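Student: mind looking at a prediction? Sequence and model below.
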Amino acid sequence: MRHGTDSAVRADWYVHKPTRVEAMQYLPETTNAVFELLDSWDVVYFMGPPGLVHIGTPEGTKPLLYGSWVVRGTVGEVWPVRDDVFQRSYAESDGSPKTTSLGQRSRCTSRSSSPPRRLPAEWATGRASKAS
């Protein structure tokens, strides 16, 4: 937006910069691999009913449903994306499928023996505590 002029305020057009992300689709047959990936990314999550995982983000919990994709961005942020949105917004990269966008090897070969991580209570209620 342009500010400080006598003319009307208007929105400008922007192009989204292309970035490379790491992603995996959450399906019944990829469940264990998705849990291992979330563990390797140090993502806090908890199980809902079958086919639903709640992922903790600084903005609160986000649902990851069967068919959706879990995505990690260039600075380590993780978020779920519905399949229809993913198909419109992302194209497969020519990079190695086992190398993450941060250059680390992903460990998606087997399910960890540790239980899913639990969200802090304030994330589960949607109220983040303020730092003093």
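Tutor: Sure thing, it's come through.

Student: per-residue confidence at the nearest residue in space to residue 34 that is not next to it in sequence?
Tutor: Nearest residue to residue 34 in three dimensions, chain neighbours excluded: residue 26, at 5.0 Å (C-beta to C-beta, 6 or more residues apart in numbering). All C-beta spots, glycine's among them, are computed from the backbone N, C-alpha and C. Predicted confidence (pLDDT) for residue 26: 97.

Student: cool, and the one 4 residues further on?
Tutor: Listed pLDDT for residue 30 reads 96.

Student: count the residues that sit near it.
Tutor: Residues contacting residue 30 under the criterion other C-beta atoms under 10 Å number 16.

Student: go on, the one 3 residues further on?
Tutor: Here the number of neighbours of residue 33 (other C-beta under 10 Å) works out to 19.

Student: tell me which other helices or strands the helix or strand that contains it touches.
Tutor: Element membership for residue 33, per DSSP states H and E: helix 31-40. When contacts are defined as 3 or more C-beta pairs under 8 Å, 6 or more residues apart in numbering; DSSP states H and E, helix 31-40 sits against strand 22-25, strand 52-57, strand 69-72.

Student: and the second one, what does it pack against?
Tutor: The helices and strands touching strand 52-57, judged by 3+ C-beta pairs under 8 Å, 6+ apart, are helix 31-40, strand 45-47, strand 60-65, strand 78-81.

Student: quick one: contacts for residue 69?
Tutor: By C-beta atoms under 8 Å, 6 or more residues apart in numbering, residue 69 lies in contact with 23, 24, 25, 26, 80, 81, 82, 83, 86, 90.

Student: how near is it to residue 81?
Tutor: As judged by C-beta to C-beta, to the nearest Å, residue 69 and residue 81 stand 5 Å apart.

Student: hang on, isn't residue 86 packed against residue 21?
Tutor: No: counting by C-beta atoms under 8 Å, residue 86 stays clear of residue 21, with 10.0 Å between them.

Student: what residues are shared contacts of the two?
Tutor: Common contacts of residue 86 and residue 21 (C-beta under 8 Å, 6+ apart): residue 71.

Student: coming back round to it: including distance to residue 15, could the helices and strands packed on strand 52-57 go into TSV?
Tutor: Output for the helices and strands packed on strand 52-57, formatted as TSV (distance: least, C-beta to C-beta, whole Å):
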stretch	distance to residue 15
helix 31-40	30
strand 45-47	33
strand 60-65	26
strand 78-81	20
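
Student: I am finished for the moment; much appreciated.
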